[in-house]
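> got a structure for you, letters missing:
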Ligand code: HEM
């Protein structure tokens, strides 16, 4: 194997991991800095406007990163199969298959939670914030739900990264159960 082959093989895993950082990193940033900072804005109208700009741009960034993660992830599957033609990674006898299925299950749940947050809870929060007579109890309830759902999705993303690290230890995952 030449250095050129190694470099070519590195491209999609590299983009995959890069997109994962773009997916996960800004979520920490939102939790730790951006949302708490926006909440300190006293003028209700300005606060609602800044919040809408930040979450809309964050949403586009995150879902674009997820599209890249999925496309490069599919490409990674073929590359992993090419590593050892004697190992069928689609076989239920092989550990890789089980860890990969577990990873996909977690990715599915994580994406469902993120979709509920992006397309249901988030828009309701933004609309409520933009009203002149805000129902404070309803706002607090939505905020709590929003934190629980987005926090769980972030936690799942972190567990998915652990599954990915175990998957890539082929000395372990390319063997029979
Ligand atoms: C449909 C979605 C996805 C598919 C099809 C996919 C597929 C893959 C595959 C086949 C690998 C190579 C594993 C190996 O070396 O045996 C990989 C690596 C990796 N995946 Fe994914 N993945 C997906 C989503 C994700 C998500 C959502 C995350 C994190 C939040 C993630 C994080 C990683 C990381 C960090 C690696 C690098 C592991 C390494 O080589 O050291 N993946 N992925």
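Yep, it's here. Keep in mind it's a predicted model, so treat the numbers as computed, not measured. Numbers count the residues shown, from 1 in each chain.
> excluding chain neighbours, what is closest to the closest residue to the ligand within the chain?
Among all residues of the chain, residue 73 sits closest to the ligand, at 2.3 Å; criterion: Cβ to the nearest ligand atom. C-betas here are computed from N, CA, C, even on glycine. Distances taken as Cβ to Cβ, 6 or more residues apart in numbering place residue 16 nearest to residue 73, at 5.9 Å, with adjacent residues excluded.
> so which elements touch the helix or strand the one you found falls within?
With elements taken from DSSP states H and E, the one containing residue 16 is helix 3-29. Using 3 or more Cβ pairs under 8 Å, 6 or more residues apart in numbering; DSSP states H and E as the contact test, the elements touching helix 3-29 are helix 44-83, helix 136-167.
> just say helix, strand or coil for residue 133.
Taking DSSP: H, G, I helix; E, B strand; the rest coil as the rule, one finds residue 133 in the coil state.
> mind checking pLDDT for it?
Predicted confidence (pLDDT) for residue 133: 84.
> also the one 5 residues further on?
On the pLDDT scale, residue 138 is placed at 92.
> what's the burial count for the closest residue to it other than its chain neighbours?
Nearest non-adjacent residue to residue 138, counting by Cβ to Cβ, 6+ apart: residue 128, 6.4 Å away. Residue 128 is surrounded by 16 other residues when neighbours are defined as other Cβ atoms under 10 Å.
> so what's residue 128 up against?
For residue 128, the contacting residues are 134-135, 138-139, 142, taking Cβ atoms under 8 Å, 6 or more residues apart in numbering as the criterion.
> next, format the helices and strands packed on helix 3-29 as a markdown table and append distance to residue 8 and mean neighbour count.
Conversion of the helices and strands packed on helix 3-29 to a markdown table gives the following (distance: least, Cβ to Cβ, whole Å; neighbours: other Cβ atoms under 10 Å):
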| stretch | distance to residue 8 | mean neighbour count |
| --- | --- | --- |
| helix 44-83 | 10 | 15 |
| helix 136-167 | 21 | 15 |
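> can you pull the phi/psi pair for residue 131?
Geometry field for residue 131 lists phi and psi as phi -80, psi 160, criterion degrees, to the nearest 10.
> and the lowest-mean-pLDDT helix or strand in the chain with helix 136-167, angle?
The weakest-scoring helix or strand in the chain, judged by mean pLDDT, DSSP states H and E, is helix 122-129 (a mean of 94). For helix 122-129 against helix 136-167, the angle between stretch directions is 150 degrees (axes from the mean of the first three to the mean of the last three Cα atoms, to 10 degrees).
> buried ones in helix 122-129?
122, 125, 128-129 (16 or more other Cβ atoms under 10 Å).
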